[in-house]
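Student: Make a model of this:
(chains A and B)
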There are 2 protein chains.
Amino acid sequence: MNGERRDLLRTRAALSRMFEPSDNIGLALVEAAGPGDALRVATGAIRAGEVLTREVLEVLAAAGIPATGNSLSSALERWIPRVPDLAPDRDLSMIGRAGGELLIPEDSRWPEALRDLGLGMPLCLWTRGDLSKGIPALRQTAAVVGSRDSTGYGASVTGDISAGLVTREWTVVSGGAYGIDAQAHRAALVTGSQARIPTIAVMACGVDRYYPAGNEELLREVVRRGLLLSEVPPGSAPTRWRFLQRNRIIAALSAVTVVVEARWRSGALNTAHHAAALGREVGAVPGSVYSANSAGCHRLLRDGSAVCVTDAAEIVELGSPIGSTGDSAESTHEEVKAAHDGLTIEDMLLLDALPLRSGSLVEKLASVAGLSVSAVRAGLARLELEGLAARDGPDKWRRSRG
Amino acid sequence: MNGERRDLLRTRAALSRMFEPSDNIGLALVEAAGPGDALRVATGAIRAGEVLTREVLEVLAAAGIPATGNSLSSALERWIPRVPDLAPDRDLSMIGRAGGELLIPEDSRWPEALRDLGLGMPLCLWTRGDLSKGIPALRQTAAVVGSRDSTGYGASVTGDISAGLVTREWTVVSGGAYGIDAQAHRAALVTGSQARIPTIAVMACGVDRYYPAGNEELLREVVRRGLLLSEVPPGSAPTRWRFLQRNRIIAALSAVTVVVEARWRSGALNTAHHAAALGREVGAVPGSVYSANSAGCHRLLRDGSAVCVTDAAEIVELGSPIGSTGDSAESTHEEVKAAHDGLTIEDMLLLDALPLRSGSLVEKLASVAGLSVSAVRAGLARLELEGLAARDGPDKWRRSRG
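Tutor: Coordinates of the predicted model:
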């Protein structure tokens, strides 16, 4: 590793401990001054001059974030208490010992999809797991998220969807939580894939922690065969703010975000809103109107924020450019055609007029069907060919018993 | 009854036996020549001259219906076989004996909503039942339709929706069939309403017939307390064509058409498509992704043809001009607010940083939360007021145990 890269890693490691996720002033400072000077300003090693302060405000204004002249100085006040905690070398060796790595935007392996977050792009990603195949490209990645207190129905649909996605060589992204998240990771791992990692868990705490504790075995398996990611450094606790911000990373990494089960108010809806704000596709799985765990999904469907999806094929279709998938959702719903399918209106009228048992005369059929005598004769010839009409004496016809 | 009205009734009664529903040539002839001359042309009593033939073609062209110069003459061929069946006086006395009436577009009681069908407006409506309150206005009428082979889930949702609509003084329109239709009528009748009739059944056969036979008791009750309607005259059999055309009347009479359960291919979808073509609102009830009886509903939701509806309040909201209903769907989903709802981001960060047991110093809280010391002090004061933070020794704070 060359010295410049090592410096960048140390700098971004330190910044990720200094700034909470989506600290817009901090991120604008990094954009205006570059990571090195941003860290020096944030720690108080150098002062932000008038020019830099104006540039920070310009970056914020360009991102549509309201700020005032003293935004930077009040931000400095909240950063200073964390200066004693900075220990980038310790953090980097800790992630190394855990078999992980720190990915930074200057890295060629950085997921391009995260750039769609604009100023909100994470400063870095602390990772553990299998980076040999890289982080899968956006177009074959779906987030499968939902309630912690999922129902049996939710678990079952999640399992089917997640397995179906991995079978189609998609990667399943989720949040490592109980319920839908856990089931999504589990089904992806069980299904497996040669081409790419089956699943990614984006954590709200440091990747050295297995949180929640009940998912420790599952998350260990994600590290073994998939990827664990977080923008907060090792040792960080999962806080409400970090959960909410973590959701934007799940959404940004995924071509489609699917909410399988969510209550009327649910964190999973937050992920869906992040996805919609990024212009990503959002799917919601329908369920019983009596299930409180589907009320959030129905809310998304009702307000038009999400498309109704019922299986993996529909999710792939939703996330794929039009016409690019041969795996049409229609095909899974093919039903047996009825005998009368494809008949013209006249032939349908005639078929309905034909008696089941003893035959009717052509004149009678014309009156019952509301067709001319010649139209009845022509129609009977067609229906006879189709095996739907049969002669029953001279000039008499009935339905075919075939 | 004056003679002119009696003539109109006889004429339209005869035309409704002569023409199948939505016989566009016949309907264009009525529009061009008026009902009386149209009947005389259709029966061969007078010949259609060049002027009338051209006018019929103009009416068809204006309605966007393809026709050729000999459309009228070939239509005459299919009308002639029915001339011997015409018996308008018999039909009118039959409907009278059944306690019913023939409604015609010239009547002040004619449902204005049907005019939205344009050329496809029925020639007349054969009715049985309670016409004393009139046919309810469009804005308080919903169609509730679905599969004949409904599930227990579908029956249950239909019952709740239908009862909820009638409670809100809406009228439930359906098709009188087994399954969802029957359940919709039944729940509406049980709920009852003072202001208007609870339910309307639009039949594909004559209103003198109770079809299907298993619904006879139910349809008798609809006649007693609601309305039975059909555009085809007494004695007419229900044919596939009449079922499909009947659906347009259900859709046209209703501000909202709700599909509760439908297979991937289902007649209920035909009603939904009629409603959409008329610019009426369409709702679909979600269900299990494993239920074939919900696949048609999910199809409507997925392709954007329908809005997701889960209860009567949402249907009323869908069918009401924006802002006209105080019965907001939101209100039914109010959940208990969590303690942290409505907190600012800073207070949320601070709350998450507060230890549950032994208190932390303000400086420590600043570092953990990523806030300035002064922001922590201000935040602690707010959280203490909210009962969320408590002092735990000099300058030390923890979460409130309250």
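Student: all contacts plus neighbour counts: C-alpha atoms, from now on.
Tutor: OK.
Student: mind listing what's buried in stretch A:85-96?
Tutor: A:Leu86, A:Pro88, A:Asp91, A:Leu92, A:Met94, A:Ile95 (16 or more other C-alpha atoms under 10 Å in any protein chain shown).
Student: okay, those in CSV with distance to B:Glu216 and secondary structure next?
Tutor: Shown next, in CSV, are these (distance: C-alpha to C-alpha, whole Å; DSSP: H, G, I helix; E, B strand; the rest coil):
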residue, distance to B:Glu216, secondary structure
A:Leu86, 81, coil
A:Pro88, 81, helix
A:Asp91, 78, helix
A:Leu92, 79, helix
A:Met94, 78, helix
A:Ile95, 75, helix
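Student: Looking at these, spot the one nearest B:Ile200.
Tutor: Using C-alpha to C-alpha, A:Ile95 comes nearest to B:Ile200 of the buried residues of stretch A:85-96, at 69.9 Å.
Student: need the residues of the stretch 201-350 of chain A near chain B, please.
Tutor: A:239-241, A:264-265, A:285-289, A:298, A:301-302, A:307-311, A:333, A:335, A:345, A:348-349 (C-alpha under 8 Å from any C-alpha of the partner chain).
Student: meant to ask about the stretch 1-150 of chain A, not that
Tutor: Applying C-alpha under 8 Å from any C-alpha, we find that the stretch 1-150 of chain A lies next to chain B at A:Met18, A:Phe19, A:Glu20, A:Ser74, A:Ala75, A:Leu76, A:Glu77, A:Arg78, A:Trp79, A:Ile80, A:Pro81, A:Arg82.
Student: From A:Thr11, how far off is the nearest residue to A:Met203 once chain neighbours are set aside?
Tutor: Spatial nearest neighbour of A:Met203, chain neighbours left out: A:Ser230 (5.1 Å); criterion: C-alpha to C-alpha, 6 or more residues apart in numbering or on different chains. According to C-alpha to C-alpha, to the nearest Å, A:Ser230 and A:Thr11 sit 17 Å apart.
Student: Narrow the residues of the stretch 1-150 of chain A next to chain B to those that are buried.
Tutor: The neighbour-count criterion (16+ other C-alpha under 10 Å) marks A:Met18, A:Phe19, A:Glu20, A:Ala75, A:Leu76, A:Glu77, A:Arg78, A:Trp79, A:Ile80, A:Pro81, A:Arg82 among the residues of the stretch 1-150 of chain A next to chain B as buried.
Student: Adding distance to A:Asp392 and secondary structure as columns, could you present those residues in TSV?
Tutor: Converted to TSV, these look like this (distance: C-alpha to C-alpha, whole Å; three-state DSSP):
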residue	distance to A:Asp392	secondary structure
A:Met18	91	helix
A:Phe19	88	coil
A:Glu20	86	coil
A:Ala75	93	helix
A:Leu76	97	helix
A:Glu77	98	helix
A:Arg78	95	helix
A:Trp79	95	helix
A:Ile80	98	helix
A:Pro81	98	helix
A:Arg82	96	helix
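Student: now those in TSV, with pLDDT?
Tutor: Putting these into TSV (pLDDT from 0 to 100) gives the following:
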residue	pLDDT
A:Met18	96
A:Phe19	96
A:Glu20	95
A:Ala75	92
A:Leu76	93
A:Glu77	92
A:Arg78	92
A:Trp79	95
A:Ile80	93
A:Pro81	93
A:Arg82	94
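Student: low-confidence ranges in chain A?
Tutor: In the predicted model, chain A carries pLDDT under 70 at residues A:1, A:322-341, A:402.
Student: tell me the domain boundaries of it?
Tutor: Per automatic domain parsing, the domain ranges recorded for chain A read A:3-85, A:114-333, A:345-399.
Student: Kindly indicate whether the residue nearest to A:Glu101 when sequence neighbours are not counted is helix, strand or coil.
Tutor: Once flanking residues are discounted, A:Glu101 sits nearest to A:Thr127: 5.3 Å by C-alpha to C-alpha, 6+ apart. A:Thr127 falls in the strand class when you classify it by DSSP: H, G, I helix; E, B strand; the rest coil.
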